[in-house]
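Chemist: A predicted structure for the sequence below; I have some questions about it.
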Amino acid sequence: MQLYSRENYLKKIRGFYHADDIIKVITGVRRCGKSSLMQTIADELKQGGVADSNIIYIDLDKRGYKNIKTADALEKEIEKQGTADGLKYLFVDEVQNVTGFEDVLNGFRTEGDWSIFVTGSNSYLLSGEITTKLTGRFLEIELFTLSFEEYEDMKRFYGKPVDANPMVELNSYILEGGFPRTVLLDTLADKRRYVQSVTQEIFEKDIRHRVKIRDRETFETVRRFVINNFGSMTSLTNLCEALRADGTRVTKETVARYVQTLIDAKILYACPRFDMKSKKSLHGDKKYYLSDLSFYYADNTDNQINYGPVLENIVFIYAKTLDCSVSVGRFGKFECDFILRNTDMDYAYVQVAYTIALSKETENREYRPLETVKDNYPKYVLTTDYLLQHRNGIRHMNLLDFIRSGNRF
């Protein structure tokens, strides 16, 4: 089957295709498309004239490679396949299956005629071992599940129907989620069963083998609670109190460890608060957003959509795909949904709402936090409205059109 090309990520990597001094590490939640992205890179290299003999592709989860568990075995396999002259392109999928893989990859990197790409378990690839051993020698490319733009585009690519009404498509995207494999499934029930299997796989492969979870039931309670309250301001203290009120006795330290485990596995992302007056991050309360909304809907039978946190989640992840740093902003007594800092170190301020057309009070609630900001960085109110208005230099934009057009903040 022809692979859907995720151009937004490929253009981040193309400049490093032939770099033999940097290991390209592709991270992201399980089943977000890392292996497919790496296969697309290999296909592009072949289309660009690289000979098959110069491309070594080792998927450590597949038959024929599953017995490669040690650094020596991996090194021998690479040496066996890598006999061609000139620059060789090494792709290793699920690299965490090999103990001590860092030294092997680093050894080939220092030889100067290997361009190396790897994917693997997030909780391992982002841990201290690889960052310590490969500091300054690797580039992380973080891959996310499908954005709304990609969701619609991938459906067209594979001949799936796309509704002409963008709000119908948005609702489908919210309820189904953005895991690429779900686009090929026909029913919502099948899509949710698939996401449930992904959740189980993450626990078995990324969490249980690396983190001591003594009480699976308590861990699941914490996981469900945080996921069910995504987009809400949360502190570990309040989280502990809420769990205890529901009959779950758990310490703050245990909750902190479990939440960090979910972040390491890229199920959750933490969004801290930032005080514009002191220019400091505020400790304590944070918002947690989901790497994919299906983690919520696959666990809940209720299909009602609470657009407030859902649309925030979509904008948060979209900003992350643009490599923005994201915080909740505080301006005295006001808060804005997001302060973004892009790779050029420029800021943008964003309010997100389903609509501001219902009343003047609703409009004022979204505009006032931004009107208190006195710098000249861009300010946005993103809604699903198609009747747009501008007020005091603040840009009111349709959220769906903003994302579909690939706009940058």
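Modeler: Looks like it arrived, so ask away. Residues are numbered from 1 along each chain as shown.

Chemist: Let me see the ranges of the helices in the stretch 201-350 of the chain.
Modeler: According to DSSP state H, counting those that start in this stretch, the stretch 201-350 of the chain carries its helices in the segments 216-228, 236-245, 252-264, 294-297, 307-321.

Chemist: which of these sits most buried?
Modeler: For the helices of the stretch 201-350 of the chain, the largest average neighbour count (mean count of other Cβ atoms under 10 Å) is found in helix 294-297, namely a mean of 24. Bear in mind the C-beta positions are built from the backbone N, C-alpha and C, glycine included.

Chemist: quick one on the thing from earlier: could I get the helices of the stretch 201-350 of the chain as JSON lines with mean pLDDT and distance to Phe148?
Modeler: As requested, the helices of the stretch 201-350 of the chain are arranged in JSON lines below (pLDDT from 0 to 100; distance: least, Cβ to Cβ, whole Å):
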{"stretch": "helix 216-228", "mean pLDDT": "93", "distance to Phe148": "20"}
{"stretch": "helix 236-245", "mean pLDDT": "89", "distance to Phe148": "30"}
{"stretch": "helix 252-264", "mean pLDDT": "93", "distance to Phe148": "24"}
{"stretch": "helix 294-297", "mean pLDDT": "96", "distance to Phe148": "14"}
{"stretch": "helix 307-321", "mean pLDDT": "97", "distance to Phe148": "7"}
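
Chemist: Kindly reformat those helices as CSV containing distance to Glu44.
Modeler: Formatted as CSV, the entries for the helices of the stretch 201-350 of the chain read as follows, by distance: least, Cβ to Cβ, whole Å:
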stretch, distance to Glu44
helix 216-228, 36
helix 236-245, 45
helix 252-264, 31
helix 294-297, 29
helix 307-321, 20
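
Chemist: Run through who's touching stretch 166-177.
Modeler: Outside of stretch 166-177, the residues that reach it under the criterion Cβ atoms under 8 Å, 6 or more residues apart in numbering are 145, 148, 151-152, 162-163, 182, 188, 191, 195, 292-295, 297-298, 303, 305, 310, 314, 384, 400.

Chemist: Which among the residues you listed count as buried?
Modeler: By the neighbour-count criterion of 16 or more other Cβ atoms under 10 Å, those include these buried positions: 145, 148, 151-152, 182, 191, 195, 292-295, 297-298, 305, 310, 314, 384, 400.

Chemist: Let's verify the residue nearest in space to the middle of the chain: helix, strand, or coil?
Modeler: Compute the mean C-alpha point of the chain, and by Cα atoms, centre = their mean the closest residue is Phe144, 3.6 Å away. Using DSSP: H, G, I helix; E, B strand; the rest coil, the secondary structure recorded for Phe144 is coil.

Chemist: Got phi/psi on it?
Modeler: In terms of degrees, to the nearest 10, the main-chain angles of Phe144 are phi -110, psi 170.
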